[in-house]
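Colleague: show me how the following folds:
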Amino acid sequence: MLDDPRWRWLDDQPSLVRSVDIAEAVGDIGQLANYLRDLHNSRAAPLDQSVRGGTQTDGNLLLRDAPVIARLREAIMTAVEAYIGLLPPADANHPALPKARRPIRIAGSWSVRLVDEGFHADHVHPQGWISSAFYAAVPNTTAEGQVRREGWLSLGEARDLVPGLAPLQMVQPKPGRLVLFPSTMWHGTRPFPAGERMTVAFDIMRPRQG
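Modeller: Here you go, the predicted structure:
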């Protein structure tokens, strides 16, 4: 796989990964983080999910009618619309580049709260088209922690399957930052020693092709 050109074709094309700051559109990020904390009632990580050392909310989060969620949803959909407009041309053989790219529908959405040494194992979302990470709260990291990229999102890395495969990209978490990428792209996070990492994630449904 390390020498297979199809890997670059699948994951390393321009505009497949996009990071945008939507903090201004979302509004009070602290208020949103407090709202999300109240939803994390479980003390255990969900079964059969990528979460290690944290909790994940139930239900479709972005369908809630709370004002903080409505603002977040509107900001997210605006960013997704822009992301789709910048994707490379259609390629019938590429899972992220279909010809039909509308309507834009959320297939599922949730929040993950990671704490002390928490992380996401590398995984993909085979049922989605576009996946995401929006940061509502991030841990404080030292300069040394920045070097180790504690709490960062890794893209294009599958450490359990291909240990020698380096990530295509590492993204630093920042409150208000939204990262969009193909659902077929492997992604996970680095552990962090202390603090809290609160995210909202969602998948965009692949539109039906004619």
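
Colleague: return the alpha-carbon coordinates of the helix ranked longest in the chain using PDB.
Modeller: As assigned by DSSP state H, the longest helix anywhere in the chain is helix 67-85. Coordinates of each C-alpha in helix 67-85 appear next as PDB, following Å, rounded to 0.1, in the frame of the first residue of the first chain:
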ATOM      1  CA  PRO A  67     -30.800  27.900  19.600                       C
ATOM      2  CA  VAL A  68     -27.100  27.000  20.000                       C
ATOM      3  CA  ILE A  69     -27.500  23.900  17.900                       C
ATOM      4  CA  ALA A  70     -29.600  25.800  15.200                       C
ATOM      5  CA  ARG A  71     -26.800  28.400  14.800                       C
ATOM      6  CA  LEU A  72     -24.200  25.600  14.600                       C
ATOM      7  CA  ARG A  73     -26.200  23.700  12.000                       C
ATOM      8  CA  GLU A  74     -26.600  26.800   9.800                       C
ATOM      9  CA  ALA A  75     -22.900  27.600  10.000                       C
ATOM     10  CA  ILE A  76     -22.000  24.000   9.200                       C
ATOM     11  CA  MET A  77     -24.300  23.800   6.200                       C
ATOM     12  CA  THR A  78     -22.900  27.000   4.800                       C
ATOM     13  CA  ALA A  79     -19.300  25.600   5.100                       C
ATOM     14  CA  VAL A  80     -20.300  22.200   3.600                       C
ATOM     15  CA  GLU A  81     -21.900  24.000   0.600                       C
ATOM     16  CA  ALA A  82     -18.600  25.900   0.100                       C
ATOM     17  CA  TYR A  83     -16.500  22.700   0.500                       C
ATOM     18  CA  ILE A  84     -18.600  20.800  -2.100                       C
ATOM     19  CA  GLY A  85     -18.200  23.700  -4.500                       C
END
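
Colleague: against which helices or strands is that helix packed?
Modeller: For helix 67-85, the packing partners by 3 or more Cβ pairs under 8 Å, 6 or more residues apart in numbering; DSSP states H and E come out as strand 18-21, helix 23-26, helix 29-39, strand 130-137, strand 177-182, strand 196-204. C-beta coordinates here come from the backbone N, C-alpha and C atoms, glycine included.

Colleague: that helix vs strand 130-137, what angle?
Modeller: Calculated by axes from the mean of the first three to the mean of the last three Cα atoms, to 10 degrees, helix 67-85 forms an angle of 140 degrees with strand 130-137.

Colleague: sweet, I'm off.
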